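Participant: Fold the following.
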Amino acid sequence: MNLTISLTPAEEAKLLAKAREAGTTPEEIVRQAIKPVLASIPEQVPPVKAPKQSLLGIWAQFGPGPSEEEIDQSRAEMTRHLADQAQDVEELEKPA
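Facilitator: Have a look, this model is predicted:
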């Protein structure tokens with residue numbers, strides 16, 4: 001992770017001086033400064049839970065899915081009315 005920290009010119013000068021004194025980079029000085037904070041936070045890795053039932057088991061109550069023919073038929077039924085509505089709109093938009 002990269003962080004951007006706004007520092008005043010005085011703070012920046014102090015950080016650069018500290019880094020020069022330690023023979024390292026300002027980034028390393030800040031990294032060392034936050035280590036105690038990070039160490040005080042307990043590791044909170046949630047345990048991985050095994051699923052109680054697979055998705056196939058959950059969906060089994062709904063039976064087999066629709067066939068390709070049933071899907072095509074449903075699409076045709078849904079879109080059939082769109083063509084009729086488009087013609088109605090075109091007729092309404094024609095100048096009288």
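Participant: what about the protein, any weak spots by pLDDT?
Facilitator: 45, 96 (pLDDT under 70).
Participant: State the distance from the residue nearest the centre of it to residue 55.
Facilitator: In the chain, the centroid-proximal residue (Cα atoms, centre = their mean) is residue 1; its distance is 16.7 Å. Residue 1 is 34 Å from residue 55, where distance means Cβ to Cβ, to the nearest Å. From N, CA and C alone the C-beta is placed, and that goes for glycine too.
Participant: and if you look at residue 19?
Facilitator: Using Cβ to Cβ, residue 19 is found at 54 Å from residue 55.
Participant: Those two - which one has more neighbours?
Facilitator: Neighbours per residue, other Cβ atoms under 10 Å: of residue 19 and residue 55, the larger number sits with residue 19, 16 against 8.
Participant: Excluding chain neighbours, what is closest to that one?
Facilitator: With sequence-adjacent residues excluded and distances taken as Cβ to Cβ, 6 or more residues apart in numbering, residue 19 is closest to residue 26, at 4.6 Å.
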